[in-house]
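Colleague: Provided below for reference: sequence and predicted model.
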Amino acid sequence: MTRLLKVATSLALLLLPIEVQAADDQLELVFNDHCRECHSFVKDDNRLGPSLEGVVGRKAGTEPGYNYSDSLKGSEVIWHEATLDQWIANPGAVIPGNTMSPPYNGIADAAIRKKIIAYLKQISPQDAGKSP
Ligand code: HEC
């Protein structure tokens, strides 16, 4: 019995890093599915939308070199967990007149939004993103 427990424990320890890695990859895949068409996670790589590298904790409309709509530039929104969740659900409800939606309609599924925000946090400074 003890031996079995030991085997189980060492197996679990072996599997742990692999699982963490898989979780990270999975988050990236969800981001790719929904956002990558228009957004890069590479610094300064602005495409149809601005780079989302470091977006958590950033003031809306401030990524250098990206030509934002006046609505985004003029908003006082700070991107953290709560504002990102609302934005991904329905961008126009957070900042009306933005150029992301339309065409983008947002994601109704809260579980998917949560994964995308977890990914955005991974590509942002560690201490950013706590809702005030
Ligand atoms: C069809 C293209 C498109 C898709 C798909 C898209 N976006 Fe955007 N996104 C944009 C555009 C364009 C802007 C700039 C809006 C503006 O200036 O009004 C933007 C802006 C943003 C901003 C504001 C960034 C800043 O620097 O203030 C965030 C955050 C964002 N998008 C997150 C996402 C996330 C997360 C997804 C996936 C769930 C996503 N977007 C999907 C086009 C898109």
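Modeller: Received it, and whenever you're ready, just let me know what you need.

Colleague: quickly note the distance from residue 61 to the ligand.
Modeller: Taking CB to the nearest ligand atom, to the nearest Å as the measure, residue 61 falls 5 Å from the ligand. From N, CA and C alone the C-beta is placed, and that goes for glycine too.

Colleague: what about that residue, neighbour count?
Modeller: 19 (other CB atoms under 10 Å).

Colleague: any figure for the gap between it and residue 7?
Modeller: Taking CB to CB, to the nearest Å as the measure, residue 61 falls 55 Å from residue 7.

Colleague: over to residue 33?
Modeller: Taken as CB to CB, the span from residue 33 to residue 7 is 38 Å.

Colleague: got any ranges where the chain has weak pLDDT?
Modeller: 1-2, 8-23, 129-132 (pLDDT under 70).

Colleague: who in this protein is up against the ligand?
Modeller: 34-35, 37-39, 48-50, 52, 55, 58, 60-61, 63, 68-69, 71-72, 79, 87-88, 98-100, 103-104, 107, 116 (CB under 6 Å from any ligand atom).

Colleague: buried subset of the residues you listed, written for ChimeraX?
Modeller: The ChimeraX selection below is limited to those of the residues of the chain next to the ligand classed as buried (16 or more other CB atoms under 10 Å):
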select :34,35,39,49,50,52,55,58,60,61,63,68,72,79,87,88,98,99,100,104,107,116
